[in-house]
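Q: no sequence for this one, just the structure:
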């Protein structure tokens, strides 16, 4: 009998539902929230209200596109955390209610595990997936970690940010440049037209495999402040070069730690995940590094880099195989480690 998992993701500002049958993706529906753009960041109260409006039509559409009936479901996987508590409550409550109505179990998924396991999402049976163990560079707005993935249920954090995440550095620096939210994609677009060596920004010297991006943000801010005093139009005249230099510095910081992690573990497979793995420069840098070192690289489709329910469903699929289910009295959590 087929294993059919419905995944539900509502950790931040995207409401998503996906259906996976025997590890093959049948549908992945995402409803994004534009309301936050005018505020320059996600407003938690508005996000949770939008999830309430979106979750029923999104789940209904995912089931219909998958060509199944809701009674065919084997289990319902949902993001339990980390994320915005109000947003998580919407997805958690809906998953519990649907589970009780259909008489199928629920599976709680760690959002970070979903990103790490997104490389196992297959759209065709012959799609290639990583072999264990592998190194995953998880980079997003809230997380920057280097993870040794030994199995779907055994992950070891080798290094992580001690302050700000890479995605936060992109977005905050974009904001002081006057770019719209989210700033990462705008930095990526501008960087393609700029000189990555034009400006020098501070790079932290953190021992081991941990990251730090707060010093880079400060250095970037001071560069703007000092030059605007001399020329009020400095940002507008140098947008592309500023973006390219910022992106290049962030990539150098990420790649330096990734190289050390590979050397330390001897692992031959490298994957990236999280929202920042959609960045063109990051994707090319990791691919080039792996090619030069004769390593196997897994660069995700951009659809699976941002928050999506397909990664929740595939993580739930693995937990279903292990017989690990969730009790109805389990509450969502805003913070959690890998």
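A: Good, I have the coordinates. Please read all numbers here as calculations on a predicted model, not as lab measurements.

Q: Flag every buried residue along stretch 79-98.
A: 79-92, 94-96, 98 (16 or more other CB atoms under 10 Å). Bear in mind the C-beta positions are built from the backbone N, C-alpha and C, glycine included.

Q: and the residues you listed, which of them are in helices?
A: 85-92, 94-96, 98 (DSSP state H).

Q: which one of these is nearest residue 241?
A: residue 87 (37.0 Å; CB to CB).

Q: For that closest one, give me its contacts.
A: 10-13, 44, 47-48, 51 (CB atoms under 8 Å, 6 or more residues apart in numbering).

Q: and which of the residues you listed is nearest residue 105?
A: residue 10 (19.1 Å).

Q: and the helix or strand where residue 271 lies, what does it pack onto?
A: Take DSSP states H and E as the rule and residue 271 turns out to sit in strand 269-273. On a contact count with 3 or more CB pairs under 8 Å, 6 or more residues apart in numbering; DSSP states H and E, strand 269-273 meets helix 111-116, strand 134-139, helix 280-292, strand 296-298.

Q: excluding its backbone neighbours, what's nearest residue 8?
A: residue 78 (4.4 Å; CB to CB, 6 or more residues apart in numbering).

Q: My understanding was that the one you found contacts residue 11; is that so?
A: No. Counting by CB atoms under 8 Å, residue 78 sits too far from residue 11 to count as a contact (9.8 Å).

Q: and for those two, which residues touch both?
A: Shared contacts of residue 78 and residue 11, counting by CB under 8 Å, 6+ apart, come down to residue 91.

Q: More neighbours: those two, which one.
A: Higher neighbour count among residue 78 and residue 11: residue 78, with 30 against 27, using other CB atoms under 10 Å.

Q: any idea how far that one lies from residue 7?
A: Counting by CB to CB, to the nearest Å, the gap from residue 78 to residue 7 is 7 Å.

Q: just how off-centre is stretch 233-241 within its chain?
A: 29 Å (CA atoms, centre = their mean, to the nearest Å).

Q: Now tell me what touches that stretch from outside.
A: Outside stretch 233-241, the residues touching it (CB under 8 Å, 6+ apart) are 177-178, 190-191, 193-195, 198-199, 224, 227-228, 231, 242.

Q: any chance of the residues you listed in TSV, plus neighbour count?
A: Shown next, in TSV, are the contacts of stretch 233-241 (neighbours: other CB atoms under 10 Å):
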residue	neighbour count
177	20
178	11
190	20
191	24
193	11
194	21
195	14
198	13
199	21
224	17
227	16
228	12
231	11
242	27
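
Q: So which of the residues you listed is the closest to residue 128?
A: residue 191 (29.7 Å).

Q: looking at it, that closest one is touching residue 250, isn't it?
A: No. Counting by CB under 8 Å, residue 191 stays clear of residue 250, with 10.2 Å between them.

Q: from what I can see residue 108 touches residue 80, true?
A: Yes. With contacts counted by CB under 8 Å, residue 108 reaches residue 80, the gap being 3.9 Å.

Q: Return every residue with contacts to both of the two.
A: 326, 330.

Q: before we move on, back to that, need the overlap of contacts for residue 78 and residue 7.
A: Going by CB under 8 Å, 6+ apart, residues that sit against residue 78 and also against residue 7 are 109, 312.

Q: Run through the helices of this structure in chain order.
A: Using DSSP H, helices in the chain cover 44-66, 85-102, 111-116, 166-176, 184-191, 214-230, 234-265, 280-292, 309-321.

Q: Out of these, the one nearest residue 333 is which?
A: Closest to residue 333 of the helices of the chain, according to CB to CB: helix 85-102, at 7.8 Å.

Q: Just give me how far the closest one sits from the chain centre.
A: With CA atoms, centre = their mean, you get 22 Å for helix 85-102.

Q: now that helix against helix 44-66, angle please.
A: 40 degrees (axes from the mean of the first three to the mean of the last three CA atoms, to 10 degrees).

Q: For the residue nearest to residue 115 when sequence neighbours are not counted, give its distance to residue 260.
A: Spatially, and ignoring its direct neighbours in sequence, residue 115 is nearest to residue 273 (4.1 Å; CB to CB, 6+ apart). Separation of residue 273 from residue 260 (CB to CB) stands at 19 Å.

Q: doesn't residue 205 make contact with residue 253?
A: No. At 10.5 Å, residue 253 does not count as touching residue 205 under the criterion of CB under 8 Å.
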